[in-house]
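Chemist: here is a sequence with its predicted model. Questions after.
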Amino acid sequence: MSNVLSVLGSTGSIGTQTLDVARQCGLRVAAITANKSVEKLEEQAREFRPELVVAYDAAAAADLRVRLADAGIQVASGMDGLIEAATLECADTVVTAVMGMIGLQPTLAAIDAKKRIALANKETLVCAGELVMARAAAQGVDIVPVDSEHSAIFQCLQGVHHSEVKRLILTASGGPFFGRTREELRGVTRADALKHPNWTMGAKITIDSATLMNKGLEFIEAMRLYHMPPEKIQIAVHRQSIIHSLVEYCDNAILAQIGTADMRLPIQYALTWPDRTAAAATQLDLFSCPPLTFERPDPETFRCLGIALECARRPGTPCAIMNGANEAAVGLFLRDQIGFMDIPDLVEYALSVVEAEPAETLDAVLRSDAAAREAVYSKASR
Ligand code: MG
């Protein structure tokens with residue numbers, strides 16, 4: 001059980017909900033970080049009185065230093081600041097809730113500092129899963145998932161031998177465009193894509209949910225976290241987001257974790273595991289549940305999912321190339337510079353021009369990521 005947290009990405013959706021859990025469970029917060037949300041960081045710093053506050057952006061950090069001059073709180077910036085927050089002596093758990101590939105280096109640093117990782121940054125495991133899991137095993141560090149699906153699986157797997165598991169079933173809400181044809185998806189706008197039916201999340205993951213790339217990333221995340229081959233993981237579209245995922249055992253028993261679409265439950269479990277404590281999350285009323293339905297996903301219409309499932313089967317850095325290209329393309333889409341269906345096209349383009357290499361070192365992963373982003377930007381600006 002955690003007592004002292006370092007929250008990387010404290011002003012985002014998962015970060016603020018983590019602080020909510022910390023407030024309700026009486027956990028100390030030793031470090032908070034964000035990119036440049038200075039006002040929110042200041043407000044959080046004044047409430048939680050951490051030792052260290054990090055604004056990744058240097059100008060934002062300078063501003064924050066002035067704002068917090070009276071508080072006696074250290075302010076840092078950049079990747080060095082993130083790594084300092086991830087390795088802070090007094091923290092026992094690092095919540096990695098930053099968005100994207102930027103979470104990789106702080107996560108590795110936190111593992112080396114033997115912190116529990118409450119992992120909410122799926123890009124880390126997608127890009128460098130083998131590297132991260134091997135490092136965690138070598139250091140004897142627990143990586144506890146925060147993502148609702150992976151937390152559900154983690155909860156169902158407690159007290160189970162790996163050999164007893166037949167398959168993992170990842171549920172997917174299907175996003176706002178489930179059931180639409182490719183033709184219908186072409187005219188989708190940023191505002192349409194940002195309306196998720198069930199979950200309130202940050203912009204990048206909401207777009208990933210609309211393209212179903214999010215489920216592709218989660219598929220790869222599940223392979224790495226649970227050491228499962230792709231053929232033992234199935235995706236089921238479950239529109240109600242009440243079942244958060246399931247595990248099927250060798251005797252055909254299936255266990256599911258069900259609850260409201262409230263991220264505070266998986267966040268809290270990642271912090272209190274192996275214990276459970278009184279809830280920060282909302283309660284599910286079974287009698288008000290709609291009928292629960294399950295459908296097959298369509299990786300041909302939702303091409304991002306198809307691409308991710310292909311990359312999942314390839315060794316080396318294809319997953320890092322795919323993820324880097326997707327992050328770049330989603331960024332362009334959020335700035336209205338490309339259309340919705342350009343996202344899978346650009347990811348496919350990056351995979352066709354960037355050469356994959358073995359994913360054995362951090363440098364190899366970072367190289368593939370950078371080359372993929374570069375490929376997307378140059379293609380999109382043509
Ligand atoms: Mg999820």
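Modeler: Now that the structure is in, tell me what you want to look at. Numbering: from 1, shown residues only.

Chemist: and the nearest residue in space to His196 that is not next to it in sequence, how far is that from Val53?
Modeler: Spatial nearest neighbour of His196, excluding adjacent residues (Cβ to Cβ, 6 or more residues apart in numbering): Thr206 at 5.2 Å. For glycine as for every other residue, the C-beta is placed from the backbone atoms N, C-alpha and C. Per Cβ to Cβ, to the nearest Å, Thr206 is found 27 Å from Val53.

Chemist: the two: which has the busier surroundings?
Modeler: Per other Cβ atoms under 10 Å, whichever of Thr206 and Val53 has more neighbours is Val53, with 29 against 21.

Chemist: isn't that one right up against Ala31?
Modeler: Yes. Using Cβ atoms under 8 Å, Val53 is in contact with Ala31, at 7.3 Å.

Chemist: next up, the contacts around the residue in the chain positioned nearest to the ion.
Modeler: Residue of the chain nearest the ion, by Cβ to the ion: Asp147 (4.3 Å). Listed by Cβ atoms under 8 Å, 6 or more residues apart in numbering, the contact partners of Asp147 are Leu119, Ala120, Lys122, Glu218, Glu221, Pro266.

Chemist: phi and psi next, for Phe219.
Modeler: Main-chain torsions, Phe219, degrees, to the nearest 10: phi -60, psi -50.

Chemist: can you count the residues close to it?
Modeler: 24.

Chemist: so who does it touch?
Modeler: Taking Cβ under 8 Å, 6+ apart, we find Phe219 in contact with Leu170, Pro230, Ile233, Ile235, Ala308, Leu309, Ala312.

Chemist: most surrounded residue in those residues?
Modeler: Ala308 (28 neighbours).

Chemist: for the closest residue to Arg135 other than its chain neighbours, give me its contacts.
Modeler: Beyond its immediate neighbours in the sequence, the residue positioned closest to Arg135 (Cβ to Cβ, 6+ apart) is Ile111, lying 5.0 Å away. Going by Cβ under 8 Å, 6+ apart, Ile111 touches Ile117, Val132, Arg135, Ala136, Gln139, Val141.

Chemist: from the contact counts, what lies against the one helix or strand the fourth one maps to?
Modeler: Element membership for Ala136, per DSSP states H and E: helix 122-139. Helix 122-139 makes packing contacts with helix 104-112, strand 143-145, helix 213-226, helix 318-334, helix 362-380 when contacts are defined by 3 or more Cβ pairs under 8 Å, 6 or more residues apart in numbering; DSSP states H and E.

Chemist: among the ones you listed, single out whichever gets nearest to Ser245.
Modeler: Minimum separation from Ser245 across the helices and strands packed on helix 122-139 (Cβ to Cβ) falls at helix 213-226, 8.4 Å.

Chemist: drop anything exposed from the contacts of Ile111.
Modeler: Buried by 16 or more other Cβ atoms under 10 Å: Ile117, Val132, Arg135, Ala136, Val141, out of the contacts of Ile111.

Chemist: report the buried residues of stretch 222-235.
Modeler: Ala222, Met223, Arg224, Leu225, Tyr226, Met228, Ile233, Gln234, Ile235.

Chemist: show the pLDDT at the residue lying closest to the third one once chain neighbours are set aside.
Modeler: Nearest residue to Arg224 in three dimensions, chain neighbours excluded: Gly129, at 3.1 Å (Cβ to Cβ, 6+ apart). Predicted confidence (pLDDT) for Gly129: 95.

Chemist: same thing with Gly216?
Modeler: Looking at Gly216, the pLDDT reads 98.

Chemist: look up how far Leu82 lies from it.
Modeler: In terms of Cβ to Cβ, Gly216 sits 26 Å off from Leu82.

Chemist: more neighbours, those two?
Modeler: Using other Cβ under 10 Å as the criterion, Gly216 and Leu82 rank with Gly216 on top: 31 against 27.

Chemist: residues contacting that one?
Modeler: Taking Cβ under 8 Å, 6+ apart, we find Gly216 in contact with Cys304, Leu305, Ile307, Ala308, Leu309, Cys311, Ala312.

Chemist: rerun that using 10 Å as the cut-off
Modeler: Neighbouring residues of Gly216 by Cβ atoms under 10 Å, 6 or more residues apart in numbering: 126, 172, 208, 235, 297, 299, 302, 304-312, 319, 322-323, 326, 347.

Chemist: what does Ala55 give?
Modeler: Ala55 makes contacts with 11, 32-38, 41-42, 61-65, 75-78, 81, as judged by Cβ under 10 Å, 6+ apart.

Chemist: same thing but 8 Å
Modeler: By Cβ under 8 Å, 6+ apart, the neighbours of Ala55 are 33-38, 41, 61, 63-64, 75, 77, 81.

Chemist: any idea which of these is closest to Leu334?
Modeler: Out of the contacts of Ala55, the member with the shortest distance to Leu334 (by Cβ to Cβ) is Asn35, at 14.3 Å.

Chemist: backbone torsions only: list them for that closest one.
Modeler: The phi/psi pair for Asn35 (degrees, to the nearest 10) is phi -80, psi -70.

Chemist: tell me the pLDDT of it.
Modeler: On the pLDDT scale, Asn35 gets 96.

Chemist: and the helices in the stretch 51-200 of the chain?
Modeler: According to DSSP state H, counting those that start in this stretch, the stretch 51-200 of the chain carries its helices in the segments 58-67, 78-86, 104-112, 122-139, 148-156, 182-186, 190-193.

Chemist: most packed of the ones you listed?
Modeler: helix 148-156 (a mean of 25; mean count of other Cβ atoms under 10 Å).

Chemist: angle of that helix against helix 213-226?
Modeler: 30 degrees (axes from the mean of the first three to the mean of the last three Cα atoms, to 10 degrees).

Chemist: pLDDT (mean, whole number) over helix 148-156?
Modeler: Mean predicted lDDT for helix 148-156 stands at 98.

Chemist: what of stretch 254-270?
Modeler: Stretch 254-270 comes out with an average pLDDT of 97.

Chemist: how much space between the residue nearest to Arg135 and Ala76?
Modeler: Here Ile111 is placed at a distance of 20 Å from Ala76 (Cβ to Cβ).
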